[in-house]
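# requesting a structural model of the entry that follows:
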Amino acid sequence: MAVESGARGSKTLTGDLRGRPLAVLLAGACERGTSGTFTFRHGPLRAALTMHVGRIAVVRTSESIAYLGGILYELGFIDITTLNATLHEVARDRRLHGEILMASGAIKRSQLDDALIEQTFRKVHHLFALPEEATWSFREDVDELAGARDEDRPPVETWLAIWRGLREQAPAPYVRRMLAKIDGRIQLKGMNAVACFGLTEPELALCARLQVQPSTLANIITTSPLVSERTELLVYLLALARCVERVEAAPVGPMELGVAGVRDRALRVDSEDPHTVLGLRPGASREAARAAYFRLARLWHADKIPEALHQVRSECEHVFFKLSEAHQILTDVSARQRAEAIVGAANKAAANDSTTPPAMRATLRDADAALLRNDLATASRIAQSLTSAGADGPGARAMVAWCAIGASTNAEGPALEKALAVLDKILTGDPDCTRALFYRGQLQKRFGRIELAVRDFRRVIRLDPRHIEAEREVRIHEMRRRAGAEAVVTEARMPQIATDKPALPPSGATREDSPPLPTSPEESSVRSGLRRLLARVARRG
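Presented below is the predicted three-dimensional model:
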């Protein structure tokens, strides 16, 4: 705790602008009505900013920013002759420029106040350009800039300074990080909440629309009359000032969709990227993905499907599987990075540009990310460019064949047979190409050749034990096989109650076709016990 000489103990806070950006610092001080001094440091730069009851009082920087005389001239309060003449007096007499201009009658007090406020705004704007590595400290209730020089300087409304500092800079990383946390639809609480920002007419119009029509961030940016960057900054400002609230939209499940809707959802979900499957916008946080998954999983889980929808139970299970898959991708760091890497892949893989530095060219990982987003065109273009350049050999050719049939989702028999032949040829030259093996396994499964498909999937796992998709295919196959075996054993172990009539074989089968019951000692003992119990019940009757 720092203690100022001759004053009571003051609380000191420290940090950097990555952990707490300038806009957040100023907004917090404004909301609490705090007084004290912020100090900023980055390399040789030093700056100090004092707050008085939540308003910005004084800003000083180690660099000369925004001379008062120049601002008065820009505002049209003095001409160039007056500016030059009074600057000579400043240098000669060591007096404040504003005092000299006031004494000479060149400006009025109101004009000087306007120029001082503009000077403070420009200095705050300069602080918004500090990098995230800059450090800050805050001493509460301590004015380190107190002095007669700034006694008459008018304070500045903090939210006006924040918005001006934000809008005149490109969206900083912390802006994008905060926007990524906005999930679902948001709504403005009221127009009175934005009166202190100094918004323009188009900005006010956007706020008015957001008050009556809750929207997702993606929809706000798409329909905004402002450029996308200004729209993002305005939404960030509204969120920072707590002027917007989240409007919960009830997730849609099988009950709301009905039979026809469930079937349509099961068809569309195969062509959606993970964000769309969970109803999220691109770039949504892992926390948002996890929350969206649990909301939807409660509706689509097999145990929650009502009897009225029994005819579309398999479709519901398919949608639930896709929800789980999307959740796994978006909450797993490595899988998410692969999925989002495609954002810049299209520009990096500008087909066959040999002038592109090797480090900037797309790879098969970028193509995989495109497939995760269901962007077959980009994935195919990347794979073809790698094939033409002679890179990634069999893997790139397998990717081209896979994309040519739409990742097997919408291709017919002849096209699938052709792709299968291409993959066979690739594996003839390189039997250990895991990509070709996995794609071939998928096609074999599509043709109903389950054993051949599982054989390919098992070989993929032997070659690459970390191949999640192949491991999942094998695990699902084993689960289905065990479930089938248990069903057969359960049916075989059903006790047969003796009656006067012989048991009839299933429809279309003879007694000779019926499989014999197991005759293990344990099963014989169970049957004997049942017979004795039935005989005892019959005697009592």
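# name the nearest residue to Lys374, ignoring sequence neighbours.
Rather than Lys, residue 374 is Asn. Closest residue to Asn374 apart from its sequence neighbours, by CB to CB, 6 or more residues apart in numbering: Asp273 at 5.1 Å. Quick note: C-beta positions are derived from backbone N, CA and C, even for glycine.
# doesn't Ala370 make contact with the one you found?
No. If you go by CB atoms under 8 Å, Asp273 and Ala370 don't touch, sitting 9.7 Å apart.
# now stretch 63-71 - C-alpha only, CSV.
Extracted in CSV, the C-alpha atoms of stretch 63-71 (Å, rounded to 0.1, in the frame of the first residue of the first chain):
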residue,chain,number,x,y,z
GLU,A,63,5.2,13.7,-25.0
SER,A,64,3.7,17.0,-26.1
ILE,A,65,0.2,16.3,-27.3
ALA,A,66,-2.3,18.9,-28.7
TYR,A,67,-1.0,22.4,-28.0
LEU,A,68,-3.7,24.7,-26.8
GLY,A,69,-2.9,27.5,-29.3
GLY,A,70,-3.2,25.0,-32.2
ILE,A,71,-6.6,23.8,-30.9
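# avg pLDDT for that stretch?
Averaging pLDDT along stretch 63-71 gives 87.
# same question for stretch 369-378.
For stretch 369-378, the mean per-residue pLDDT is 75.
# same thing with stretch 174-185?
81.
# do me a favour and get the end-to-end distance for that stretch?
Start and end residues of stretch 174-185 are separated by 21 Å (CA to CA, to the nearest Å).
# pull the residues that contact it.
18, 21, 23-24, 132, 166, 214-217, 232-233, 235-236, 239-240, 246-249, 280-281, 283-285, 287-288, 291-292 (CB atoms under 8 Å, 6 or more residues apart in numbering).
# so for Asp273 and Ala370, which residue has more residues nearby?
Between Asp273 and Ala370, counted using other CB atoms under 10 Å, the more crowded position is Ala370 (29 against 20).
# in the one helix or strand the more buried one maps to, which residues are buried?
In the assignment (DSSP states H and E), Ala370 maps to helix 364-372. Under the neighbour-count criterion of 16 or more other CB atoms under 10 Å, helix 364-372 has Leu364, Asp366, Ala367, Asp368, Ala369, Ala370, Leu371, Leu372 buried.
# try stretch 117-134
So stretch 117-134, judged by 16+ other CB under 10 Å, has buried residues 117-128, 130, 134.
# just the pLDDT for the closest residue to Leu330 other than its chain neighbours.
Among residues not flanking Leu330 along the chain, Ala289 sits closest, at 3.8 Å (CB to CB, 6+ apart). Listed pLDDT for Ala289 reads 84.
# do the same with the one 10 residues further on
With respect to pLDDT, Leu299 has a value of 87.
# quick one: it from Lys322, how far?
13 Å (CB to CB, to the nearest Å).
# and for Ala369?
According to CB to CB, Ala369 stands 18 Å off from Lys322.
# contacting residues for the residue nearest to Leu330?
Pro274, His275, Leu278, Leu280, Ala326, His327, Leu330, Thr331.
# how about stretch 245-264 as CSV, C-alpha atoms only?
Output in CSV follows, covering the C-alpha atoms of stretch 245-264 (Å, rounded to 0.1, in the frame of the first residue of the first chain):
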residue,chain,number,x,y,z
GLU,A,245,-29.3,-7.2,-21.7
ARG,A,246,-29.4,-10.7,-23.0
VAL,A,247,-32.8,-11.9,-24.2
GLU,A,248,-33.2,-15.7,-23.8
ALA,A,249,-34.6,-17.4,-26.8
ALA,A,250,-36.1,-20.7,-25.9
PRO,A,251,-34.2,-23.5,-27.7
VAL,A,252,-36.3,-25.4,-30.3
GLY,A,253,-36.6,-29.2,-29.7
PRO,A,254,-38.5,-32.1,-31.3
MET,A,255,-41.8,-31.3,-29.6
GLU,A,256,-41.9,-27.8,-31.2
LEU,A,257,-40.8,-29.1,-34.6
GLY,A,258,-43.1,-32.1,-34.9
VAL,A,259,-42.4,-35.1,-37.2
ALA,A,260,-41.9,-33.2,-40.4
GLY,A,261,-39.7,-30.6,-38.7
VAL,A,262,-37.5,-33.2,-37.0
ARG,A,263,-36.9,-34.9,-40.3
ASP,A,264,-36.0,-31.6,-41.9
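# what's in contact with that stretch?
Residues from elsewhere that reach stretch 245-264, judged by CB under 8 Å, 6+ apart: 182-187, 189, 214, 265, 279, 292, 295-296, 299-300, 304-306, 309, 311-312, 315-316, 319.
# going through those, which ones are buried?
Neighbour counting over the contacts of stretch 245-264 (16+ other CB under 10 Å) leaves 182-187, 214, 265, 279, 292, 295-296, 299-300, 305, 309, 312, 315-316, 319 as the buried ones.
# following the strand or helix carrying Glu287, which helix or strand comes up?
Assigned by DSSP H and E, Glu287 falls within helix 286-300. Under the assignment DSSP H and E, the closest C-terminal helix or strand after helix 286-300 is helix 313-331.
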